[in-house]
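Peer 1: give me the fold of what follows.
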Amino acid sequence: MSDKSLNLLGDPSTNKQSFTDVKLKVLCCRYWKLDLWDCHDMVFPFWRIYWNKNVGGVLNQNQTTYKMQPDIIYVIPPFTSFSTKYVKNHSFEQGINVSGRHMEESDDEEAIAKGSLLHLFIHFNLGVPFDNVYPGVFKINMTPYLLKNLNYLTERLKIENTVFYATYTLRLQSIINDVLSNIGSELFETLNVDYRILDVIRHIENHIHENPTNSDLAKIANMATNSFSRLFRQKMNMTLHAFIMKRKIAQSCELFLHTNKSIEEVAFTMGFSDRYHFSRVFKSVTGTTPAVYKSGKFS
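Peer 2: Take a look at the predicted model:
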């Protein structure tokens, strides 16, 4: 390419740059007073950011207990199995049991904090392959900058929590990016994925309604079936079939959140033979039924 062509493109350098394609998609952002937060074995296909302004919230993940503190932000990757509770009102030992309401502009936070949990939660996805990191809980120490932005967000949510115009959305995305960037490189250190696997993952995403065989996918990678199956399991820590089912359920959850499709319609869209097969797979992946998920009784 000539210098003249480069100037026309607005880039005077001949150095080729490669940028990671992160597709941040916010699913919900809410600020609640929680009176009950007994949620057990939750496993959902999206990222979560939790921040409580007062003490009393507890996370449990893989035999580790986190007593949530206001100076800590908690980040939970997709498909992490975890449980929660509010210690001042703990009644249920199984299932997803939540009660509370949106915080409102007229609310006295100091008074409410004496008997309820002031809880901000954000659900989002980052796209493939970043929605397939290893499960766990990341603790982020609060910084003055993050605290300022989170306080802005909670105050804004008390006024408007339905319509997120461009500037509001950009501010929210900025907060998510700031939180994730504070985790460090260990968050994505497992994502140096072989290009053949990425080609197959992109194919699965673009043809999620299909049910390809291992042989079909190995051809895309230009590998023998058994060799590719071993490579995929080694790099992704799961079988091809398990990955496909997780992606089908992940996209099903998005349809439940953002469309009015029935369970039967979502099952058909995702390529399942019937509602019953879909429901069995959905519960095996998320730990709950499509009906409960569709009802929105989780946080």
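Peer 1: what residues of stretch 66-76 count as buried?
Peer 2: Within stretch 66-76, the residues that qualify as buried are Y66, M68, Q69, I73, Y74, V75, I76, counting by 16 or more other CB atoms under 10 Å. (Each C-beta comes from the backbone N, C-alpha and C, glycine too.)
Peer 1: ignore what I typed, I meant stretch 248-267.
Peer 2: Neighbour-count burial for stretch 248-267 flags K248, I249, A250, Q251, S252, C253, L255, F256, I263, V266, A267 (criterion: 16+ other CB under 10 Å).
Peer 1: contacts for that stretch?
Peer 2: 27-28, 44-46, 78, 125, 131, 208, 269-272, 274-275, 277-279, 281-282, 285-286, 290-291, 293-294 (CB atoms under 8 Å, 6 or more residues apart in numbering).
Peer 1: what is the mean pLDDT for that stretch?
Peer 2: Mean pLDDT, computed over stretch 248-267, is 87.
Peer 1: would you mind measuring the gap between the ends of it?
Peer 2: 9 Å (CA to CA, to the nearest Å).
Peer 1: circling back to that earlier point, in helices, which of the buried residues of stretch 248-267 fall?
Peer 2: Under the assignment DSSP state H, the buried residues of stretch 248-267 contribute K248, I249, A250, Q251, S252, C253, L255, F256, I263, V266, A267 to helices.
Peer 1: shaky segments in the chain?
Peer 2: Within the chain, the segments meeting pLDDT under 70 span 1-10, 18, 185-193, 296-299.
Peer 1: so what strands line up beside the host helix or strand of Y74?
Peer 2: Element membership of Y74 [criterion: DSSP states H and E] is strand 72-76. Paired strands of strand 72-76, with direction, are strand 47-52 (antiparallel), strand 138-141 (antiparallel) (DSSP bridges).
Peer 1: and among those, the most buried is which?
Peer 2: Stretch with highest mean neighbour count among these: strand 47-52 (a mean of 23; mean count of other CB atoms under 10 Å).
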